[in-house]
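Chemist: test case, fold it:
(chains A and B)
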Amino acid sequence: MRLAAALLLSLFCAAAFAQSSEVAHPDARVEQRLKDLAEELRCLVCQNQTIADSNAPLALDLRNQIRAQVAAGRSDDEIRAYMVERYGDFVLYRPAFKATTALLWVGPFALLALGIGVVVVITRRRAKRDARDADPSAPSREEVARLLE
Amino acid sequence: MKALKYIIPLAVFVALAAFLAVGLTRDPHEVPSPFIGKAAPAFKLAQLHDEKLAFTPEEMKGKVWMLNVWASWCVSCRVEHPLLVEMSRRKVVPIVGLNYKDNRDEGIAWLAKLGNPYALSAYDDEGKVGIDYGVYGVPETFVIDKAGVIRYKQIGPITPEALEGKILPLLKKLNA
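Modeler: Residues are numbered from 1 along each chain as shown, chains lettered A, B, ... in the order given. Prediction:
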């Protein structure tokens, strides 16, 4: 029974593999460049996956497209430009720094600087207040301990 | 000075809440298309109903037209289909179909069953033209002006709101 179930399951797996029509390029360097590129490109069908990760048919088509372009000797920048031309800056997981993406790149650092600034101001102010509040005529710890004995 | 202590966090909260509220109303699948204002990419494909006949967007120069990407396997294409059939019946605008990654016979059968709003459909078997048009969620619809420039892109089915609010006014303007 268990064997039958396992066989049945393996059949489904085979079917799943059969569905994709992806043929790796014989040159390992092409495959490596494809992998590096695809890991930096967003799949627009399932937006939080890269083209390398996604099983969406479009991601498969795009991998094949990139593979063909790598094999044809196009540079990484040319291939990235090809993708941006079609799907916009959104496809790049590392978008280029320009006016529309400046906030994206600088924003977190600006917020961090702002936070550090706030902390510095508050601690300074507190230190000043503590110094002011300290009463020079107040008994020291040792004196208090002696008096209590 | 004392009041600032309360006003600043309140202002920060209001700003954050406003950003989140706007974010809730937006569909992350609607990525601003880089094609708006650019020439529609050229292509040459066989027609769906007759593989001996070809279609290129060049043929539509001088006309305002719509390119609608569809497939028989596409579920949400059925949602917008009655709208397209109605538009075609009223001769609002010539609609060219781009039959995307479909099986030819199934595509033809689908149109026979649900009605054919298209002047013709180009058959994009491998989805290459789809890639050139940045298609990622079928159905998609492009409004293309007389000079062959893409003026509007609808991602996903055309809704009655998009039709009344955006597409029809734009068609009127482009045809004026």
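
Chemist: what's near enough to touch the most centrally placed residue in chain B?
Modeler: Nearest to the geometric centre of chain B sits residue B:141, at 1.8 Å (Cα atoms, centre = their mean). Taking Cβ atoms under 8 Å, 6 or more residues apart in numbering or on different chains, we find residue B:141 in contact with B:66, B:67, B:68, B:69, B:80, B:153, B:154, B:158, B:167. To be clear about C-beta, it is placed using only N, CA and C from the backbone, and glycine gets the same treatment.

Chemist: not counting its neighbours along the chain, what's nearest it?
Modeler: Residue nearest to residue B:141 in three dimensions, not counting chain neighbours: residue B:154, with 4.2 Å by Cβ to Cβ, 6 or more residues apart in numbering or on different chains.

Chemist: where does the one you found land in three-state SS?
Modeler: Following DSSP: H, G, I helix; E, B strand; the rest coil, residue B:154 is assigned to strand.

Chemist: go on, residue B:67?
Modeler: When classified by three-state DSSP, residue B:67 comes out as strand.

Chemist: what's the closest non-adjacent residue to it?
Modeler: residue B:142 (4.4 Å).

Chemist: identify the bridge partners of the one you found.
Modeler: Counting by DSSP bridges, residue B:142 is bridged to residue B:67, residue B:153.

Chemist: that one touches residue B:153, doesn't it?
Modeler: Yes. Judged on Cβ atoms under 8 Å, residue B:142 makes contact with residue B:153 at a distance of 5.4 Å.

Chemist: list the contacts of the residue nearest to residue B:67.
Modeler: Contacts of residue B:142 (Cβ under 8 Å, 6+ apart): B:35, B:40, B:66, B:67, B:68, B:133, B:150, B:152, B:153, B:154.

Chemist: distance check, the third one against residue A:133.
Modeler: Which is residue B:66. The spacing between residue B:66 and residue A:133, counted by Cβ to Cβ, to the nearest Å, is 75 Å.

Chemist: next: residue B:144.
Modeler: Applying Cβ to Cβ, the value for residue B:144 to residue A:133 is 74 Å.

Chemist: who has more neighbours out of the two?
Modeler: Counted by other Cβ atoms under 10 Å in any protein chain shown, residue B:144 and residue A:133 do not tie: residue B:144 has more neighbours, with 25 against 7.

Chemist: got the phi and psi for residue B:144?
Modeler: Per-residue torsions, residue B:144: phi -120, psi 130 (degrees, to the nearest 10).

Chemist: so it versus residue B:127, what's the distance?
Modeler: From residue B:144 across to residue B:127, the span is 20 Å (Cβ to Cβ).

Chemist: circling back to that earlier point, now do the shared contacts for residue B:142 and residue B:153.
Modeler: Joint contacts of residue B:142 and residue B:153 (Cβ under 8 Å, 6+ apart) are residue B:35.

Chemist: now residue A:104: how far from residue B:30?
Modeler: Using Cβ to Cβ, one gets 18 Å for the distance from residue A:104 to residue B:30.

Chemist: next one: residue A:143
Modeler: Distance, residue A:143 to residue B:30, using Cβ to Cβ: 73 Å.

Chemist: and stretch B:121-130, does that touch chain A?
Modeler: Yes. Contact of stretch B:121-130 with chain A (Cβ under 8 Å from any Cβ of the partner chain) involves B:126, B:127.

Chemist: quick one: contacts of that stretch?
Modeler: A:57-58, A:61, B:41, B:43, B:45-49, B:51, B:55, B:69-70, B:96-102, B:104, B:107, B:111, B:135.

Chemist: list the ones among those residues that fall in helices.
Modeler: Among the contacts of stretch B:121-130, DSSP state H puts A:57, A:58, A:61, B:104, B:107, B:111 in helices.

Chemist: format those as a markdown table; extra columns: neighbour count.
Modeler: What follows is the ones in helices among the contacts of stretch B:121-130, written out as a markdown table (neighbours: other Cβ atoms under 10 Å in any protein chain shown):
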| residue | neighbour count |
| --- | --- |
| A:57 | 14 |
| A:58 | 22 |
| A:61 | 19 |
| B:104 | 15 |
| B:107 | 21 |
| B:111 | 20 |
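
Chemist: spell out which parts of chain A neighbour chain B.
Modeler: Residues of chain A lying close to chain B by Cβ under 8 Å from any Cβ are A:44-45, A:47, A:57-58, A:61-62, A:65, A:84-88, A:90.

Chemist: put the buried members of those into a ChimeraX selection.
Modeler: Only the buried entries of the residues of chain A next to chain B go into this ChimeraX selection, using 16 or more other Cβ atoms under 10 Å in any protein chain shown:
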select /A:44,45,58,61,62,65,84,86,87,88
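
Chemist: export the residues of chain A next to chain B to a markdown table and tack on pLDDT?
Modeler: Shown next, in a markdown table, are these (pLDDT from 0 to 100):
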| residue | pLDDT |
| --- | --- |
| A:44 | 84 |
| A:45 | 83 |
| A:47 | 77 |
| A:57 | 87 |
| A:58 | 88 |
| A:61 | 89 |
| A:62 | 91 |
| A:65 | 90 |
| A:84 | 90 |
| A:85 | 89 |
| A:86 | 90 |
| A:87 | 88 |
| A:88 | 86 |
| A:90 | 85 |
